[in-house]
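Visitor: Need the 3D shape of this:
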Amino acid sequence: MLRYFVSKLLISVVLLLGVLTLAFFMLRMTGDPVALMMSRDASPEEMEAFREMMGFNRPVSVQFLDFLSKAAVGNFGNSLHYATPALPLVMERLSATVKLAVIGLLMAILIGVPLGLTGGLNPGSPLDSLGRFWGLLGQSVPNFWLALLLILVFAVRLHWFPSFGADQAKSVVLPAFVLSLAVSSQILRMTRSTVLEVRGEDFVRTARSKGLNQATIYFKHILRNVAIPLISVIGVQFGYMLGGSIYIETIFAWPGMGQLLSQAIGWRDFPLVQALAIFTSVVVLALNLATDLAYALLDPRIRYGK
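Guide: Predicted coordinates:
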């Protein structure tokens with residue numbers, strides 16, 4: 001197990017170095033970073049002073065090594081808009097994004113898992129048809145369009161939920177549901193296909209031939225095997241929900257990292273954009289590592305390479 005963990009950890013470190021490299025060079029590949037960050041009305045003297053202040057007049061290799069050394073201790077420079085260190089600004093918004101993602105994930109699990117299990121155990125039933133329709137809906141409906149539709153119906157027309165902000169406890173319901181739709185579709189389809197596969201395996205038929213009751217077969221044999229691939233899907237999708245909520249947070253004015261990223265892009269605050277992108281990547285890599293370890297704990301064949 002230790003060997004498996006170390007190998008996965010090394011892969012995560014290599015991926016993180018790749019993310020840092022991309023974050024550094026993408027800004028410079030688009031042109032002069034000073035011209036991108038400063039107003040078009042800035043004078044040549046102001047641009048030169050800003051270039052010197054940011055260290056853009058140094059060789060690129062020196063800038064890159066300085067960037068890596070500072071990133072290793074969580075220093076991504078100061079936000080140009082707020083004139084304060086960028087990372088603390090990201091951390092302030094983390095709790096709101098995590099809250100939205102956790103509630104959205106719980107909604108996705110509560111919708112996707114029961115429909116997937118029911119459809120897998122009773123293919124062709126009305127509930128299976130409902131589940132397949134829901135899976136198609138989650139794949140095809142754009143989340144930004146659904147967000148606007150829900151605001152129009154449930155906030156503007158019915159006044160059941162707030163249309164924006166996070167001042168009330170029920171403010172999270174609409175954005176979390178929008179965020180959960182595509183994820184619930186993924187969970188549903190994975191659960192259904194796994195149940196259909198497992199229910200025809202030899203060990204399930206053997207359990208039935210031994211006279212075990214349906215509840216024992218269902219919980220001890222089928223659900224245990226469904227949980228293994230389901231954990232990997234949930235872990236990956238949770239990372240997506242943390243990093244891919246920019247449109248949802250912007251539409252609902254949810255005070256999380258997605259909204260901050262949208263604002264930082266509009267302000268051309270590239271140090272803050274870099275900090276958000278790198279921090280989100282670190283969180284996603286950590287979630288993937290945790291998912292791989294949980295997968296290996298549940299299925300010994302993974303950690304032994306069988």
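
Visitor: Please compute how far the top helix by length along the chain lies from its chain's middle.
Guide: In the chain, with assignment by DSSP state H, the single longest helix is helix 86-121. Between the centre of helix 86-121 and the centre of its chain there are 9 Å (Cα atoms, centre = their mean, to the nearest Å).

Visitor: Mind listing what's buried along the helix or strand immediately after that helix in the chain?
Guide: Per DSSP states H and E, the first helix or strand lying C-terminal to helix 86-121 is helix 126-140. Under the neighbour-count criterion of 16 or more other Cβ atoms under 10 Å, helix 126-140 has 128, 131-132, 134-135, 138 buried. (Each C-beta comes from the backbone N, C-alpha and C, glycine too.)

Visitor: Stretch 108-119 now?
Guide: Within stretch 108-119, the residues scored as buried using 16+ other Cβ under 10 Å are 108-109, 111-113, 115-119.

Visitor: cool, and stretch 150-167?
Guide: 150-151, 154-155, 161-163, 166.

Visitor: and if you look at stretch 18-34?
Guide: For stretch 18-34, the buried set under the neighbour-count rule, 16+ other Cβ under 10 Å, comprises 19-20, 23-24, 27, 33-34.

Visitor: can you put those in CSV and add distance to R93?
Guide: Shown next, in CSV, are these (distance: Cβ to Cβ, whole Å):
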residue, distance to R93
V19, 19
L20, 21
A23, 18
F24, 23
L27, 22
P33, 24
V34, 27
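
Visitor: Next, format those as JSON lines and append pLDDT, secondary structure and distance to V198.
Guide: Converted to JSON lines, the buried residues of stretch 18-34 look like this (pLDDT from 0 to 100; DSSP: H, G, I helix; E, B strand; the rest coil; distance: Cβ to Cβ, whole Å):
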{"residue": "V19", "pLDDT": "89", "secondary structure": "helix", "distance to V198": "36"}
{"residue": "L20", "pLDDT": "90", "secondary structure": "helix", "distance to V198": "41"}
{"residue": "A23", "pLDDT": "84", "secondary structure": "helix", "distance to V198": "42"}
{"residue": "F24", "pLDDT": "86", "secondary structure": "helix", "distance to V198": "46"}
{"residue": "L27", "pLDDT": "70", "secondary structure": "helix", "distance to V198": "48"}
{"residue": "P33", "pLDDT": "74", "secondary structure": "helix", "distance to V198": "53"}
{"residue": "V34", "pLDDT": "78", "secondary structure": "helix", "distance to V198": "59"}
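
Visitor: Out of these, which comes closest to G124?
Guide: Closest to G124 out of those is V19 (45.3 Å), distances taken as Cβ to Cβ.

Visitor: Do a quick rundown of the strands in the chain.
Guide: Here the chain has no strands by DSSP state E.

Visitor: Output the lowest mean pLDDT helix or strand found in it.
Guide: Each helix and strand of the chain was given a mean pLDDT (mean pLDDT, DSSP states H and E); the minimum falls on helix 300-303 at a mean of 61.

Visitor: Residues contacting stretch 235-249, please?
Guide: Under the contact criterion Cβ atoms under 8 Å, 6 or more residues apart in numbering, stretch 235-249 has outside partners 97-98, 100-101, 104-105, 108, 143-144, 147, 175, 178-179, 183, 186-187, 254-259, 261-262, 280-281, 283-284, 287-288, 290-291, 294.
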